[in-house]
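**Q** pasting the sequence and the predicted model now:
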Amino acid sequence: MPGTDFILDELERLEGLNQRRFLKSLDQANAREVSYRGKRLVNFSSNDYLGLASHPRVKAAAQAAIEEFHASAGSSRLICGNLGIHERLESRLACFKQKEAALVFSSGYAANLGIITALAGEGDQIFSDALNHASIIDGCRLSRAQVFVYRHKDLSHLERLLREAPAARRRLLVSDAVFSMDGDVADLPGLAALAAMHDCLLMLDEAHATGVLGSTGSGIVEYFVERGSLAPDKRCVDVAMGTLSKALGSFGGFVACSASLREFLNNKARSFIFATALPPSAAAAALESLQLINEEPFRRESLWKNFGALKGRLSEGGFDVTASETPILPLTFGAEVAALGMSDRLADRGYFVPAIRPPSVPKGTSRLRITLCANHSGDEVEGLAKELSELAQDRR
Ligand code: PMP
């Protein structure tokens with residue numbers, strides 16, 4: 001085939017850098033274990049934090065929705081795909097996030113793309129944390145707004161950029177709530193103060209905060225209100241984006257916001273307008289998960305207990321895990337080959353923790369990204385910590 005040498009050349013280049021990605025074929029997978037190459041491994045890499053994707057009630061809700069509404073919504077929401085189940089889910093999400101309204105998208109990725117490009121365009125400014133998720137970065141790029149990237153969680157850098165930037169039509173400040181590769185939490189009180197002072201709309205991506213942060217799992221606002229660092233009645237997050245695909249054990253993205261912003265996005269967010277509506281089964285599964293999040297708080301308690309236990313054991317074992325504040329624990333090895341080797345050795349010992357490499361993380365920070373789930377037993381957590389400590393000893 002003429003003109004296609006670049007494909008193999010690029011794959012070879014990535015291979016040379018140890019950055020080529022391969023799909024791992026899993027025979028079975030849930031939040032707690034996977035079956036890989038005929039072997040059962042304890043899974044420490046899922047985002048199904050509460051183990052709800054395999055909950056019998058969540059699966060039954062998805063099955064019942066297929067019976068009632070069929071396997072596909074059949075068109076976009078604005079044509080003939082807007083079903084009662086979507087609207088029930090949106091009302092429930094709005095209530096969960098204590099907002100006037102919510103709108104669901106076909107994925108979290110699509111939500112970020114659609115929201116950011118609708119809110120900011122040519123002549124506007126976006127202020128974005130250096131470690132924001134790729135879907136935020138892509139939304140910023142696609143928007144054609146002027147993008148100012150501030151150093152990770154460095155609010156004095158952000159403040160300087162806000163102060164020195166020329167006047168603009170509109171300003172959007174956007175941050176991950178929980179940073180997906182590091183597990184640290186954005187300084188919402190600080191961001192909210194700067195947003196108010198510099199006339200920015202504030203958008204938070206709560207992909208890893210939803211169902212995880214706060215005593216009811218409502219997310220980052222509840223987390224800071226309960227710590228006493230945010231007034232409960234304070235208007236602070238204008239755009240609370242999240243995904244149904246992590247702690248909610250389903251698929252799809254959402255935004256919780258004012259009723260007028262929902263209406264605006266409904267008219268302006270291209271990834272909403274030009275995409276088929278969320279499958280009814282995904283909407284029903286997420287709706288049931290929201291119910292379970294409320295009814296079964298022991299899941300969140302177990303998740304946090306596992307996090308506390310693993311974080312404690314890893315720091316005893318000499319790992320630097322101080323930055324992580326949520327059930328995402330990165331162990332940084334630097335070179336790609338070191339992280340890949342560690343992941344292989346863990347797999348030999350019965351643990352599934354894939355290596356994360358650039359461009360998912362900055363160059364020179366390849367890592368194991370351990371995620372915990374409510375369903376892990378104390379023994380499984382202890383077992384992982386023990387293996388990691390032994391492997392680290394061997395490296396020293
Ligand atoms: N935002 C963040 C912070 C994420 O981690 C992810 C998923 N990796 C997304 C957005 C995209 O969500 P989804 O997988 O639902 O497309």
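**A** That came through, no problem.
**Q** pull up the residues of the stretch 251-396 of the chain that are close to the ligand.
**A** By the rule C-beta under 6 Å from any ligand atom, the part of the stretch 251-396 of the chain lying against the ligand is residue 253. (Glycine included, C-beta is placed from N, CA and C.)
**Q** got any ranges where the stretch 251-396 of the chain has weak pLDDT?
**A** Counting by pLDDT under 70, the ranges of the stretch 251-396 of the chain that qualify are 395-396.
**Q** could you redo the last one with a cut-off of 90?
**A** Counting by pLDDT under 90, the ranges of the stretch 251-396 of the chain that qualify are 391-396.
**Q** same deal with the stretch 101-250 of the chain?
**A** Scanning the stretch 101-250 of the chain with the threshold set as pLDDT under 90 gives 232-235.
**Q** for the residue of it at minimum distance from the ligand, which non-adjacent residue is spatially closest?
**A** Closest contact between the stretch 101-250 of the chain and the ligand, by C-beta to the nearest ligand atom, is at residue 108 (2.3 Å). Sequence neighbours aside, residue 243 is the residue nearest to residue 108 in space, at 3.2 Å (criterion: C-beta to C-beta, 6 or more residues apart in numbering).
**Q** quick check: the one you found touching residue 106?
**A** No - checked against C-beta atoms under 8 Å, the pair residue 243 and residue 106 is beyond contact range at 10.9 Å.
**Q** looking at the two, which is more packed in?
**A** Neighbour count, other C-beta atoms under 10 Å: between residue 243 and residue 106, residue 243 has more, with 27 against 22.
**Q** and that one, what does it touch?
**A** Residues near residue 243 by C-beta atoms under 8 Å, 6 or more residues apart in numbering: 107, 108, 111, 207, 210, 252, 253, 254.
**Q** between those residues, which has the most around it?
**A** residue 210 (33 neighbours).
**Q** for the closest residue to that one other than its chain neighbours, pull up the helix or strand it's in.
**A** Nearest residue to residue 210, sequence neighbours excluded (C-beta to C-beta, 6+ apart): residue 242, at 4.3 Å. Using DSSP states H and E, residue 242 falls within strand 239-243.
**Q** what about that strand, near the ligand?
**A** Yes - contact of strand 239-243 with the ligand (C-beta under 6 Å from any ligand atom) involves residue 243.
**Q** tell me which helix or strand comes right after that strand.
**A** Reading on from strand 239-243 to the C-terminus, the next helix or strand found by DSSP H and E is strand 253-257.
**Q** what angle do that following strand and strand 239-243 make?
**A** Our comparison of strand 253-257 with strand 239-243, counting by axes from the mean of the first three to the mean of the last three C-alpha atoms, to 10 degrees, yields an angle of 160 degrees.
**Q** paired strands for strand 253-257, with orientation please.
**A** In the sheet, strand 253-257 lines up against strand 101-105 (antiparallel), strand 239-243 (antiparallel) (DSSP bridges).
**Q** would you state the helices of the stretch 201-350 of the chain in chain order?
**A** For the stretch 201-350 of the chain, applying DSSP state H, counting those that start in this stretch gives helices covering 220-226, 259-268, 270-273, 280-295, 298-316, 336-348.
**Q** check which helices and strands the last one sits against.
**A** Using 3 or more C-beta pairs under 8 Å, 6 or more residues apart in numbering; DSSP states H and E, the elements in contact with helix 336-348 are strand 328-334, strand 355-356, strand 366-371, helix 378-395.
**Q** residues touching the following helix or strand past it, excluding its own?
**A** Next in sequence after helix 336-348, counting helices and strands by DSSP H and E, comes strand 351-352. By C-beta under 8 Å, 6+ apart, the residues outside strand 351-352 that reach it are 33, 34, 36, 41, 42, 43, 44, 45, 346, 383, 384, 387.
**Q** circling back: farthest-separated two in the contacts of residue 243?
**A** 107 and 210 (14.2 Å; C-beta to C-beta).
**Q** once you drop chain neighbours, what's closest to residue 337?
**A** residue 18 (5.0 Å).
**Q** could you count how many residues lie near the closest residue to residue 78 other than its chain neighbours?
**A** Of all residues not flanking residue 78 in the chain, residue 273 sits nearest, at 6.1 Å (C-beta to C-beta, 6+ apart). By other C-beta under 10 Å, the residues close to residue 273 number 16.
**Q** so who does residue 273 touch?
**A** 76, 78, 266, 267.
**Q** I'd like the distance between the first one and residue 235.
**A** Looking back up the chat, that one is residue 76. 32 Å (C-beta to C-beta, to the nearest Å).
**Q** more crowded one of these two?
**A** residue 76 (16 against 10).
**Q** that one contacts residue 275, correct?
**A** Yes - when contacts are counted by C-beta under 8 Å, residue 76 is listed as touching residue 275 (6.2 Å).
**Q** tell me the bridge partners for the residue nearest to residue 210.
**A** Assessed by DSSP bridges, residue 242 has beta-bridge partners residue 254.
**Q** what is the burial count for it?
**A** By the criterion of other C-beta under 10 Å, residue 242 has 30 neighbours.
**Q** got the contact list for it?
**A** 93, 97, 108, 111, 205-207, 209-210, 219, 253-256.
**Q** go again using 6 Å as the cut-off
**A** 206, 210, 254 (C-beta atoms under 6 Å, 6 or more residues apart in numbering).
**Q** tell me how many other residues surround the residue nearest to residue 337.
**A** By other C-beta under 10 Å, neighbour count at residue 18 equals 17.
**Q** give me the three-state assignment for it.
**A** Look at residue 18: counting by DSSP: H, G, I helix; E, B strand; the rest coil, its state is coil.
**Q** residue 115 now?
**A** Classification of residue 115 using three-state DSSP returns helix.
**Q** can you tell me the closest non-neighbouring residue to residue 268?
**A** Nearest residue to residue 268, sequence neighbours excluded (C-beta to C-beta, 6+ apart): residue 118, at 3.9 Å.
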